[in-house]
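Enquirer: pasting the sequence and the predicted model now:
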Amino acid sequence: MGSWFGDIFGRLAGRKADTAPGKPGPAVAYNGYMIRAAARREGGQWLTAGVIAKPVGDEVKEHHFIRAETHGSKEAADDFAIVKAKQIIDELGDRLFRDG
């Protein structure tokens with residue numbers, strides 16, 4: 001149990017979790033953005049993770065996210081990543097791509 005707490009507090013402090021990325025899912029269009037779920041395996045569970053992208057001028061800006069929620073399957077984690085990405089887009093919009 002101590003290891004679990006250490007992992008959570010380590011993530012909160014900015015330490016990267018020891019995770020392996022899964023194969024990214026298909027792109028989903030949402031309000032001018034493209035979302036790709038990319039659940040990450042951690043032990044026997046899958047973490048919510050993905051990429052939000054948007055064309056800006058001549059380049060494509062990307063925002064990678066990973067959350068602490070765990071799921072029993074990659075499909076469940078990917079499905080939740082799409083929901084979470086839509087929430088992030090609705091809350092932050094293009095502020096996702098600001099530096100700093």
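Expert: Perfect, I can see it now.
Enquirer: can you give me phi and psi for the residue nearest the centre of the chain?
Expert: Centroid check for the chain by Cα atoms, centre = their mean gives residue 49 as the closest residue, at 2.5 Å. Taking degrees, to the nearest 10, you get phi -160, psi 160 for the backbone angles of residue 49.
Enquirer: and it, bridged to which residues?
Expert: Using DSSP bridges, the beta-bridge partners of residue 49 come out as residue 66.
Enquirer: can you pull the contacts of it?
Expert: 21, 37-40, 64-67, 77, 81 (Cβ atoms under 8 Å, 6 or more residues apart in numbering). (C-beta placed from N, C-alpha, C; glycine too.)
Enquirer: ok, now with 6 Å
Expert: By Cβ atoms under 6 Å, 6 or more residues apart in numbering, the contact list for residue 49 reads 38-40, 66.
Enquirer: so which of the residues you listed sit within strands?
Expert: Of the contacts of residue 49, the ones assigned to strands by DSSP state E are 40, 66.
Enquirer: how close does residue 64 sit to residue 44?
Expert: 23 Å (Cβ to Cβ, to the nearest Å).
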